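Asks: mind folding the following:
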Amino acid sequence: MSALGVALPWSLPLTLVIYGVLVAAAVWIYRDASARGNRYALLWALATLVFAIVPVLVYLYRYRDAGPAP
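Replies: Just a heads-up that it's a prediction; the model follows:
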C-alpha cells in the first residue's frame, strides 16, 4: 500500500485496531442493551458496525441516567 509513492507499513495494523475497537463497541452495546431488556439490542449493535461512532454516542446519551445494567 502506498500513498503518493510512500510506503505505509502501519496502515494494516491501524485498520485492524480501528475495526477491533468498533467490533468491541458493538458487542458491548449488544450485551448492555440485552441486559437492560431492550428489544432493539441487535439493531443497536448493527448500527454501531455500520455507522461507527454515531450510534455509540447516541446510546451513551440515551442511557446515561439509567445506571449500570442489572
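
Asks: identify each buried residue in the longest helix along the chain, please.
Replies: Under DSSP state H, the helix in the chain containing the largest number of residues is helix 11-35. For helix 11-35, a neighbour-count test (16 or more other Cβ atoms under 10 Å) marks 22, 25-26, 29-30, 32-33 as buried. Heads up, the C-betas are built off the backbone N, CA and C, glycines and all.

Asks: for that helix, give me every contacting residue.
Replies: Counting by Cβ atoms under 8 Å, 6 or more residues apart in numbering, helix 11-35 makes contact with 1, 40-42, 44-46, 48-49, 52, 55-56, 59, 63, 69-70, all of which sit outside it.

Asks: next SSE after that helix?
Replies: helix 41-51 (DSSP states H and E).

Asks: elements contacting that following helix?
Replies: Judged by 3 or more Cβ pairs under 8 Å, 6 or more residues apart in numbering; DSSP states H and E, helix 41-51 is in contact with helix 11-35, helix 53-62.

Asks: number of residues surrounding residue 10?
Replies: Residues near residue 10, counting by other Cβ atoms under 10 Å, number 9.

Asks: quick one, phi/psi of it?
Replies: In terms of degrees, to the nearest 10, the main-chain angles of residue 10 are phi -90, psi -10.

Asks: where does the prediction get shaky in this protein?
Replies: 1-8, 66-70 (pLDDT under 70).
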